[in-house]
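Asker: heads up, no residue letters with this:
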């Protein structure tokens, strides 16, 4: 079975290139989700991240990384759970946020939440080099 991005390109060609907007494929990006067991918000982020990846046609797997100790948090510069890394960079990083084992809060269009929105994740994936 062809990859989703190839199916989209084929559909676009069949329509003579005139069919609306074809989703941009971002298939060479590394996606990691860092989390720790004391914070349940990583599960919502995981589900939203997979939805966002499907939306922008990312064909890679999400690498789940458990941060188990304060030493791990320091080594990984972990600014709280959940942390999404796109090609090793945290698109939601705020250098003022402390490093450590804590639940993270995200500024969303709907106020502060424990997980980024699907739209925020889509934007982060699309901004990947």
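Answerer: It's in. For clarity, every value in this text was computed on a predicted model and none was experimentally measured. Numbering: from 1, shown residues only.
Asker: so where do the helices sit in this protein?
Answerer: In the chain, the helices defined using DSSP state H lie at 4-14, 41-55, 70-76, 118-126.
Asker: Mind checking the pLDDT average for the longest one?
Answerer: When pLDDT is averaged over helix 41-55, the result is 96.
Asker: for the closest residue to residue 68 other than its chain neighbours, what are its contacts?
Answerer: Using C-beta to C-beta, 6 or more residues apart in numbering and skipping the chain neighbours, the partner closest in space to residue 68 is residue 36 (6.8 Å). C-beta: built from backbone N, CA, C; applies to glycine. Contacts for residue 36 (C-beta atoms under 8 Å, 6 or more residues apart in numbering) come out as 42, 66, 67, 68, 73, 78, 81, 101.
Asker: and of the helices of the chain, who's closest to residue 87?
Answerer: helix 118-126 (9.9 Å; C-beta to C-beta).
Asker: Need the mean per-residue confidence for the closest one.
Answerer: Helix 118-126 shows a mean pLDDT of 97.
Asker: tell me what that helix is packed against?
Answerer: Helix 118-126 sits against helix 41-55, strand 83-86, with contacts defined as 3 or more C-beta pairs under 8 Å, 6 or more residues apart in numbering; DSSP states H and E.
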